[in-house]
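Trainee: I would like to see how this sequence folds:
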Amino acid sequence: MSDPKPAFAHQPFQGIATFGHQPYAADPAGADVMILGVPFDGTVSGRSGTRLGPRAIRDQSMCLWGYNNALQVAPFERLRVVDGGDVEVIPPDVVRTHENVRAAAEHVLNAGCQLITLGGEHSISLPLLRAHAAKHGPLALIQFDAHPDLWDEEYSGHRFSHGTPFRRALEEGLIDPGAFVQIGIRGPTGGPQDYEDARQFGTLMFSVDDVDQLRIENVLQKTHQRIGDRPVYVTFDIDAADPAFAPGTGTPEVGGFTSRELLRLVRGLRGLNFTGFDLVEVSPAYDNAGITALLASNLVFEFLSLLAVR
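Mentor: Okay, here's the model as predicted:
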């Protein structure tokens, strides 16, 4: 018999703001999916404030209804979802914060539970990939993002920042470069090297212009062909969306995807062998009427739905 739903399940402004009104649980034992927040933005180079992202996403998730009509599933009924609160972060220490994130993720995964993480800045994907690769081996990776995040250094002498996570992950063997797909890349760079580096690493990069030319259906087909049945991790930087739909982020780039296009892209990943998800770079201070956090919470609902129909 399933757990009874709380009386306030469809009252968006009542109760503690756990994700989607799901129960809080410090222990992942017995859960299918745990939501964790990482309120860290210690290496942000643009507009700071993503440390407040997890809270804002949870607030907007209170407005979610439970049934996904596009995927024909009620993920909160199909899965036991719990909200584990936030990982302890150390704002001036990225290395120690990353270690806390890795340890928390490994605890969840070792309990047989899948993990969806709310950021925070994009550097947190590195310790999350470390934890998931320790369980599954080198991972396929799908990255929704305006930026490749493959810099060697963003700050001289510092190897870890929100612009370097996937360079480090490739160097550490956490990602299978033959199963690495980037979707949504766009905007000005300091030179051609940013995109050239991605191609030299072997990533399959779809810029927004590529998606326009190929159409979403063909991009999804090529992504499925690239990934196959490998264990795949999905990382989603909210700046993949155009700032008209997601202004609340630290490094907005014009010419991005609409909310509707992003829903189509995420839903089109159905059937892949998912290991985990993160959604990062929501910065509420720049968020008009909470629309960025609202989009983020709906994307996390889509991640849950993909797990529920797997």
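
Trainee: Met34 and Pro23 touch, don't they?
Mentor: No - counting by Cβ atoms under 8 Å, Met34 does not reach Pro23; the two are 10.9 Å apart. The C-beta positions use only the backbone N, C-alpha and C, and glycine is treated the same way.

Trainee: looking at the two, which is more packed in?
Mentor: Met34 (28 against 13; other Cβ atoms under 10 Å).

Trainee: mutual contacts of Met34 and Pro23, please.
Mentor: Val82, Asp83 (Cβ atoms under 8 Å, 6 or more residues apart in numbering).

Trainee: so who does Phe236 touch?
Mentor: By Cβ under 8 Å, 6+ apart, the contact set of Phe236 is Gln143, Phe144, Asp145, Val266, Phe277, Asp278, Leu279, Val280, Leu299.

Trainee: ok, and the most crowded of these?
Mentor: Val280 (30 neighbours).

Trainee: what's the closest non-adjacent residue to that one?
Mentor: Gly119 (3.2 Å; Cβ to Cβ, 6 or more residues apart in numbering).

Trainee: what of Val94?
Mentor: Excluding the flanking residues, the one nearest Val94 by Cβ to Cβ, 6+ apart is Phe160, at 4.9 Å.

Trainee: can I assume that neighbour is in contact with Asp93?
Mentor: No - assessed by Cβ under 8 Å, Phe160 is found out of contact with Asp93, at 10.3 Å.

Trainee: when those two are compared, which one has more neighbours?
Mentor: Phe160 (20 against 13).

Trainee: that one and Glu88, how far apart?
Mentor: In this view, Phe160 and Glu88 are 18 Å apart by Cβ to Cβ, to the nearest Å.

Trainee: how about whatever helix or strand Asn100 lives in: buried residues?
Mentor: Asn100 belongs to helix 94-110 when assigned by DSSP states H and E. By 16 or more other Cβ atoms under 10 Å, the buried positions in helix 94-110 come out as Val94, Thr97, His98, Asn100, Val101, Arg102, Ala104, Ala105, Glu106, His107, Val108, Leu109.

Trainee: adjacent strands (with direction) for the next helix or strand after it?
Mentor: Where DSSP H and E defines the elements, the next helix or strand beyond helix 94-110 is strand 114-119. Using DSSP bridges, strand 114-119 pairs in its sheet with strand 33-38 (parallel), strand 273-280 (parallel).

Trainee: turn those strands into CSV, columns for mean pLDDT.
Mentor: CSV is the format used below for the strands paired with strand 114-119 (pLDDT from 0 to 100):
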stretch, mean pLDDT
strand 33-38, 98
strand 273-280, 98
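
Trainee: in the chain, which strand is the longest?
Mentor: Ranked by residue count and defined by DSSP state E, the top strand of the chain is strand 175-185.

Trainee: could you pull out the helices for the chain?
Mentor: Secondary structure of the chain (DSSP state H): helices at 53-61, 75-78, 94-110, 125-136, 165-171, 193-201, 208-214, 216-227, 259-267, 291-309.

Trainee: between the ones you listed, which one is nearest to Asp239?
Mentor: helix 291-309 (9.5 Å; Cβ to Cβ).

Trainee: next, the angle from the closest one to helix 53-61.
Mentor: Counting by axes from the mean of the first three to the mean of the last three Cα atoms, to 10 degrees, helix 291-309 lies at 80 degrees to helix 53-61.
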